[in-house]
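Asker: Predicted model and sequence below, questions to follow.
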2 protein chains.
Amino acid sequence: MNDLLYLDDLKVGDTFKTDTHALDLDQITSFAQQFDPQPFHLDEAAATHSIFGGLAASGWHTAAVTMRLLVTSGPRLAGGIVGAGGELAWKAPTRPGDVLHAESEVIEVTPSRSRPDRGVVVMRSNTLNQRGVVVQSMTATLMVPRRPTSR
Amino acid sequence: MNDLLYLDDLKVGDTFKTDTHALDLDQITSFAQQFDPQPFHLDEAAATHSIFGGLAASGWHTAAVTMRLLVTSGPRLAGGIVGAGGELAWKAPTRPGDVLHAESEVIEVTPSRSRPDRGVVVMRSNTLNQRGVVVQSMTATLMVPRRPTSR
């Protein structure tokens, strides 16, 4: 467990790749019933005539699965993966049967001026399906602790 | 059911307010187990010593609940609430017992040049707790159909 990453360990251009998560129809409709109950996320027939041209996962489901992938098999940041926010773009629909993974790259590393024990890392995480299509692109601002001995 | 909103019905400055959703510990830990299994979302004792200073909902849970509020009691957009992406900022922790609602404002309305049947609406949706604290601010780009008779 010595491989926790502190701000001091990260540099622009560092990349990380997660494991995969297979999304099935049950997961998609279960999430949608709870958080995004719209016909194109719940019903194949209704979805066919929607802007998605077929049943698609809620974008928030894709985002949540991406978070799971990052937390369970992404960069092992000291302090955990704690985001202050970011930008999100859904570039292609996520479909039942899709197998997703995330590929991340460090874009910025900025030590805090006012808080010497931490800093901010901007990380772009693309979520790809089994055909290599980017279904979601996220650029997140993460709070990352500095290595205690470097203070 | 004649109150569906088309692009032509929306103008900058229009506001919408949703119903409320009460978040309890079970919902928070259940979401976190599935999508964001980090100690500060799962365990009160561990959370006390985290950056959150106590158990907090996953930001993605706040986002998902916000989406539910918008879909079930937000603007009744023709075609549904379909986002291409946007910006997200988590401004304060969401805690067990918080009662959330969303307040939205139309920021931009732009008919598509290439697709005369639709356009883009930029909508800012703040998610507030029972004390009026903004816990999340989201600025989303939504695809909205034009009223068919206006074509």
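Answerer: Looks like it came in fine. Residues are numbered from 1 along each chain as shown, chains lettered A, B, ... in the order given.

Asker: From here on, just use CA atoms for contacts and neighbour counts.
Answerer: Will do.

Asker: Okay, A:Pro116 and A:Ala102: tell me how far apart.
Answerer: Remark: distance between A:Pro116 and A:Ala102 (Cα to Cα, to the nearest Å) = 31 Å.

Asker: neighbour-wise, which of the two wins?
Answerer: Neighbours per residue (other Cα atoms under 10 Å in any protein chain shown) separate A:Pro116 from A:Ala102, with A:Ala102 holding more: 26 against 13.

Asker: What helix or strand is the nearest residue in space to that one that is not next to it in sequence located in?
Answerer: Setting aside the residues directly before and after it, A:Ala102 is nearest to A:Thr127 in space (Cα to Cα, 6 or more residues apart in numbering or on different chains), at 4.3 Å. Secondary structure here is read from DSSP states H and E; on that basis A:Thr127 sits in strand A:118-128.

Asker: Near the residue nearest to A:Ala102, how many other residues are there?
Answerer: A:Thr127 has 27 neighbouring residues, counting by other Cα under 10 Å.

Asker: middle-most residue in chain A, spatially?
Answerer: Note on chain A: the residue nearest the mean C-alpha position is A:Thr66, at 3.4 Å, using Cα atoms, centre = their mean.

Asker: which residues touch A:Gly97?
Answerer: A:22-25 (Cα atoms under 8 Å, 6 or more residues apart in numbering or on different chains).

Asker: Give the helix, strand or coil label for it.
Answerer: Under DSSP: H, G, I helix; E, B strand; the rest coil, the three-state class of A:Gly97 is coil.

Asker: so how far is A:Lys17 from it?
Answerer: A:Gly97 sits 20 Å away from A:Lys17, going by Cα to Cα.

Asker: and A:His41, that one's in a helix?
Answerer: Yes. Checked against three-state DSSP, A:His41 lies within a helix.

Asker: quick one: it and A:His61 touch, right?
Answerer: No. Contact between A:His41 and A:His61 fails when scored by Cα atoms under 8 Å: they sit 10.2 Å apart.

Asker: what touches both of these two?
Answerer: A:28, A:32.

Asker: For burial, what's the neighbour tally of A:Asn129?
Answerer: Using other Cα under 10 Å, A:Asn129 is surrounded by 22 other residues.

Asker: Now the phi/psi pair for it, please.
Answerer: Dihedral pair for A:Asn129: phi -90, psi -180, per degrees, to the nearest 10.

Asker: Quick check: chain neighbours aside, which residue is closest to it?
Answerer: Per Cα to Cα, 6+ apart, closest to A:Asn129 is A:Leu100, 4.6 Å.

Asker: before we move on, what about A:Leu128?
Answerer: Per Cα to Cα, 6+ apart, closest to A:Leu128 is A:Val134, 4.3 Å.

Asker: what's near enough to touch that neighbour?
Answerer: Applying Cα under 8 Å, 6+ apart, one finds that A:Val134 lies in contact with A:91-92, A:126-128.

Asker: And A:Val65, by the same measure?
Answerer: A:Val65 is in contact with A:21, B:35, counting by Cα under 8 Å, 6+ apart.
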